[in-house]
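Q: Can you look at this prediction? I've put the sequence above it.
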Amino acid sequence: TIENIQVADIKAYYQTYFRPNIGYLAIVGDITVAEARSLTEKYFSGWQRADVPKFEWPAPSPAQGNSVVLVNRPASSQSVIHVGYPFDLKPNSPDVIAVSVLAEILGGGASSRLFQNLREDKGYTYGAYASIRPDKLTATLDAYASVRNAVTDSAVHEFIAELEKMRAKTISEAELSLAKASLAGSFGRSLENPATIARFAINTALYNLPKDYYKNYLKNLDAITVNQINELAARYIRGDNLQLTIVGKTEDFSDQMARFGDVRFYTVSGDPAVSKTVTDPDLTAEKVIEKYLSAIGGREKLTAIRTLQLISEAEVQGMTIAIAQVIDKDKGIAVQRIQLGPQTLSSVRITREQVTATVQGQTMDLPPEAANAYIGLLDIFPELTYAEQGIRLELDGITTVNDEDAYKVKVIKDNSTSVDYFSVATGLKLKSESPISGESTINGYGDYEGIKLPAAVTIANQMMPVPVKAVTKSVVINATLSDQELQ
């Protein structure tokens, strides 16, 4: 969808929705009203008023029971958990300040109930938090944490338990005082930034707040009593009819989720996950691999490839980086370099015995788990020798990848499991998922001397803030490689 957006679409959106008659301007600083008016007229007088489309959004229907949404990311070492629900709380409600105190007690920081439970007591996570966001349309409560896969179900249980406990009017005077102090301190510190004052002015107009809302904020915060906060907890906090969304390696915990509510599976792109059973009783994972090898050139041609040089380029934060791979199968050496222009950012040298990484002039041996992610490069096409490597394969049904039906094949070696997806129609590999190297989605193939190799690959892993698309720029097959090229 994003790639289909054109400049004309952005311009049309701006022309439709960016109009001064629905805008707000706040100016804070050493300036008079007359000066501010003069500058505004100078720079904004040409901005024309126009009708802006208005939309009516229906309020979410009250949930009937808990809903559990699982999103499978086999490469994830942790589960990301969000537990919450929508409800009605407008920004100008008289309860907003007190509800912010509820959020602070529930999950506002290191002294909150969720943090103390899931981190300090259980050790499930580095931090567990919660927020409550009033809104003109729909307010939301969101409690969240990233936890180890193995404790996903236990963490969900604790989230729900803490919500139910707070609803039962259990807030103490000590908790209330601590939350008030934290919020008062944050409010005071925020006033050091002039942008805060501007935001206060806009919020007052945008949400129809009382004119003295921020002037009296600290007084109204301090006036909240423990009885009042517990009554509001019973009104706004609940441990049922929840929306639970969990992203992670679902095979580690999906069979334990039904006790929390109705379970549905979605893809990472937000579409309902489609899983089909393989109806051909004779089809095996090994046959899927053979179809793939035939589709990219056949065993004979692939086995004849002894060296490979591949260069791809990717855009990272506005910069173009080059990813170069050099592999000599007979010498048992592979090198992967990441370069920014003439500068080498990092390099990894791989042999069967040792994998070393060099970053900013510092060289280190990679631990076995990380090294295993690179060892497969030595075989160029590791699928050729799965049997010799003692790798076990499992065919795990049919799913959808890139709008294609794809066989899901688990690749199991020792205690590590990765997943490859192969097109049912063409046999080509569409995607790979690994706990170590992350996800690689293949965006088409190119023909290189009769061999099909990925023309572009989108890479997503824990080391990258956003997915990166690497486009193949050159491929050289069976060239003689010097010792220097393999250093």
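A: Arrived safely. All values derive from a computational prediction rather than experimental measurement. Residues are numbered from 1 along each chain as shown.

Q: Share the number of residues neighbouring the closest residue to Ser347 other than its chain neighbours, please.
A: In space, and not counting its chain neighbours, Ser347 is closest to Arg337: 4.5 Å by CB to CB, 6 or more residues apart in numbering. C-beta: built from backbone N, CA, C; applies to glycine. If you count neighbours by other CB atoms under 10 Å, Arg337 ends up with 17.

Q: Beta-bridge partners for Arg337, please?
A: Beta-bridge pairing for Arg337 (DSSP bridges): Ala324, Ser347.

Q: That one reaches Ile350, doesn't it?
A: No: under the criterion of CB atoms under 8 Å, Arg337 lies out of contact with Ile350, with a separation of 11.9 Å.

Q: can you pull the contacts of the closest residue to Glu173 other than its chain neighbours?
A: In space, and not counting its chain neighbours, Glu173 is closest to Val226: 5.0 Å by CB to CB, 6+ apart. Applying CB atoms under 8 Å, 6 or more residues apart in numbering, we find Val226 in contact with 171-173, 176.

Q: hmm, which two among those are most spread apart?
A: Across those, no pair lies farther apart than Ile171 and Glu173, at 8.4 Å, counting by CB to CB.

Q: When these two are compared, which one has more neighbours?
A: Ranked by neighbour count (other CB under 10 Å), Ile171 and Glu173 place Ile171 first, with 23 against 10.

Q: quick one: Lys329 from Val355, how far?
A: Distance, Lys329 to Val355, using CB to CB, to the nearest Å: 16 Å.

Q: the more surrounded of these two?
A: Neighbour totals were compared for Lys329 and Val355, and Val355 leads with 22 against 18 (other CB under 10 Å).

Q: If we ignore the residues flanking it in sequence, what's nearest that one?
A: The spatially closest residue to Val355, leaving aside those adjacent along the chain, is Ala371, at 3.7 Å (CB to CB, 6+ apart).

Q: chain center to the helix or strand where that neighbour lies, what's the gap?
A: Secondary structure from DSSP states H and E places Ala371 in helix 368-375. Centroid displacement of helix 368-375 relative to its chain, using CA atoms, centre = their mean, to the nearest Å, is 24 Å.

Q: Would you mind listing the buried residues in it?
A: For helix 368-375, the neighbour count (16 or more other CB atoms under 10 Å) marks 371-375 as buried.

Q: Check what contacts the helix-or-strand element of the chain with minimal mean pLDDT and list those residues.
A: Within the chain, no helix or strand scores below helix 368-375, which has a mean of 83 by mean pLDDT, DSSP states H and E. The contact list for helix 368-375, computed with CB under 8 Å, 6+ apart, reads 334, 336, 348, 350, 352, 354-355, 365-366, 413, 416, 434, 436-437.

Q: tell me the mean pLDDT for the strand or helix carrying Val147?
A: Secondary structure from DSSP H and E places Val147 in strand 139-148. Regarding strand 139-148, the rounded mean pLDDT is 97.

Q: Please identify the pairing partners of that strand and their relative orientation?
A: Applying DSSP bridges, strand 139-148 is found paired with strand 78-87 (antiparallel), strand 125-133 (antiparallel).

Q: ranges for the helices of this structure?
A: For the chain, applying DSSP state H gives helices covering 7-17, 33-44, 96-107, 113-114, 152-167, 173-190, 194-206, 217-222, 226-236, 285-295, 299-303, 368-375.
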